[in-house]
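Participant: sequence and predicted structure below; questions after.
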Amino acid sequence: MLTMGEAEYKTRQYVSETENCDYKLQLRYLIKDRGQQTFRLLIQQSLQKSKTNLSSFLQESENKETVCFLRTEHVITDEDFELLYPKNGSPSLENAGFTILYIIMRTFFCDIPRNDRIWDKGSKPEPNDLSRAANIVRLRDHISELEENELTKDIFEEKCNELHQIFTHFGTEDVFKEVSDPFKIDSFDEETENTLREEFRKWELTQQYLETGLDLHINESKTRRFRLYSLLVDGGTRVFKHIFDDKIPPADLQTVLSNPTTKGKLLYLRTKKVLIDSQEHLLYPSQGSPQSTTFDITLLAILLRNICGFNQFDKRWDDKNPVAADISTIADIVRIREARNEVISHLSQTGKLSKDEFERHWNGISKVLLRLDGWCKVPFENLKSEIDDLKSKHLDPEQEKEYQCIIENWKRIDEQLESKMLQYLKQSILGNFEYIFIA
């Protein structure tokens, strides 16, 4: 272990011998080495104070939701997510890099709210503010200055001393009393250089997403919306398809669709632009046989009302609030429709979805989906666990756009049908056709 004097000698020797000394590399080493040890220790202390462990903490629903969202926003990489939620075994921070430890510290283990102005880029903590948040901000700003500016020898030594003070202010000086000098580098091997450059490359990539991604006051609402859309689209499609296959077994699908009465209904729906070209092609492909596995929730909803043996004239299709005692298949399909409308309406009016509102919607929709599946001859064995998985699955931003498109298209068709319902009813009676379908 080098003493302060030996370390200073080694540093000066290194600087004098290397005309173009990589000051940035040395500072990166100091930040990475000291930062990892400091953050790891502070996280462990916080967990012990809360009488929990890392695995239990990360499995708490709100914390897992936050981590999943940060992954979606590219703040947390897939590699780091796997470190926190390994497929086998328990999570450990022993191999966690500086960037992910910084994110965990800032997100979960600071006493200042996540949307406090202190986190704003350009915000400077007061000199007498020695809080964790203030020192994390100082460290962030030092890294930014390090990556943006050229360093002279004098600036390099000044930065080293400032960083040493920051880490000391974190309150972990006892851990580092044997390595109290920042000048403990005499040389780097190629592997160390590559590791440092990779870690700070990750930092730079993360920074472009970090400030917006950590504005969780706004973005947690976005995550909840995404998850409800996923439940409606993924969960709804799975259950609607199960009911459809229960009513029309896959082996009989082509025969049913070829029936003149069925074909006439679907053709009429096509002329009224309720069915679109792509859906018609799924029902009547130019090659091969139709497969219900290709049907989305919009098409399934139309087919369930029109060709699956339900009474298209049943007034319950138009009831926006089925009575609680009515747990029929029709009433529950309507409940899914109305739950979708309520989520869309709420978000369009407020733009926000609180945790309590999310739980209310989630529990209500899940309960109805499970009950609908129970009407099938052979219910799914693991539907509840599948639904639970949707609550914590990885969120893909591109998939969110797809969900939103499906939800909006589904609602658009409903509104179009409502506006024409009376007209269709009259045509059905006069023409002796039953052209009443999903609302």
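Facilitator: Sure thing, it's come through. Residues are numbered from 1 along each chain as shown.

Participant: flag the shaky bits of the stretch 151-300 of the chain, pLDDT-wise.
Facilitator: Counting by pLDDT under 70, the stretch 151-300 of the chain has low-confidence residues at 172-188, 205-220.

Participant: switch the cut-off to 80
Facilitator: Along the stretch 151-300 of the chain, segments meeting pLDDT under 80 span 151, 171-190, 192-193, 196-197, 199-223.

Participant: just the helices in it please.
Facilitator: Taking DSSP state H, counting those that start in this stretch as the test, the helices found in the stretch 151-300 of the chain are 153-169, 190-213, 216-230, 236-247, 253-258, 260-271, 277-283, 297-307.

Participant: and these: which comes nearest Phe39?
Facilitator: Proximity to Phe39 (CB to CB) singles out helix 153-169 among the helices of the stretch 151-300 of the chain, at 10.0 Å. From N, CA and C alone the C-beta is placed, and that goes for glycine too.

Participant: can you spell out which helices and strands pack onto the closest one?
Facilitator: Contact analysis of helix 153-169 by 3 or more CB pairs under 8 Å, 6 or more residues apart in numbering; DSSP states H and E lists helix 23-49, helix 132-148 as its packing neighbours.

Participant: can you list the buried residues in it?
Facilitator: Phe156, Glu157, Lys159, Cys160, Leu163, His164, Ile166, Phe167, Thr168, His169 (16 or more other CB atoms under 10 Å).

Participant: adding distance to Ile413, write the helices and strands packed on helix 153-169 out as a markdown table.
Facilitator: Shown next, in a markdown table, are the helices and strands packed on helix 153-169 (distance: least, CB to CB, whole Å):
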| stretch | distance to Ile413 |
| --- | --- |
| helix 23-49 | 50 |
| helix 132-148 | 49 |
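
Participant: these: lowest mean pLDDT?
Facilitator: The minimum mean pLDDT among the helices and strands packed on helix 153-169 belongs to helix 132-148 (a mean of 81).

Participant: any residues touching that helix, and which ones?
Facilitator: The contact list for helix 132-148, computed with CB atoms under 8 Å, 6 or more residues apart in numbering, reads 24, 27-28, 31, 35, 42, 102, 105-106, 109-112, 116, 118-119, 123-126, 159, 162-163, 166, 169-170, 200, 203-204, 207.

Participant: buried only: go through the residues you listed for me.
Facilitator: Counted by 16+ other CB under 10 Å, the contacts of helix 132-148 give 24, 27-28, 31, 35, 42, 102, 105-106, 109-110, 112, 118-119, 125, 159, 163, 166, 169-170, 200, 203, 207 as buried.

Participant: who touches stretch 299-314?
Facilitator: Residues external to stretch 299-314 that are found in contact with it (CB under 8 Å, 6+ apart): 237, 240-241, 243-244, 247-248, 256-257, 262, 265-266, 269, 274-275, 279, 282-283, 292, 295, 317, 329-330, 333, 337, 410, 413, 425, 434-438.

Participant: low-confidence ranges in the stretch 301-439 of the chain?
Facilitator: In the stretch 301-439 of the chain (pLDDT under 80), the answer is 312-313, 344-353, 392-402, 404, 408, 411-439.

Participant: what about the helices in it?
Facilitator: Counting by DSSP H, counting those that start in this stretch, the helices of the stretch 301-439 of the chain are 329-350, 355-374, 383-390, 397-431.

Participant: make TSV from the ones you listed and add distance to Asn63 and mean neighbour count to it.
Facilitator: As requested, the helices of the stretch 301-439 of the chain are exported to TSV (distance: least, CB to CB, whole Å; neighbours: other CB atoms under 10 Å):
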stretch	distance to Asn63	mean neighbour count
helix 329-350	24	18
helix 355-374	13	17
helix 383-390	16	14
helix 397-431	21	14
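
Participant: quick one: closest of those helices to Gly97.
Facilitator: Using CB to CB, these put helix 397-431 closest to Gly97, at 23.7 Å.

Participant: tabulate the helices of the stretch 301-439 of the chain (TSV), appending distance to Tyr229.
Facilitator: As requested, the helices of the stretch 301-439 of the chain are exported to TSV (distance: least, CB to CB, whole Å):
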stretch	distance to Tyr229
helix 329-350	8
helix 355-374	11
helix 383-390	10
helix 397-431	4
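
Participant: between the ones you listed, which gets nearest to Thr66?
Facilitator: helix 355-374 (11.4 Å).

Participant: off-centre distance for that closest one?
Facilitator: 19 Å (CA atoms, centre = their mean, to the nearest Å).

Participant: can you list contacts of that helix?
Facilitator: 62, 220, 224, 227-228, 231-232, 235-236, 239-240, 242-243, 327, 329, 332-333, 335-336, 339, 342-343, 346, 353, 379-380, 383-384, 387, 391.
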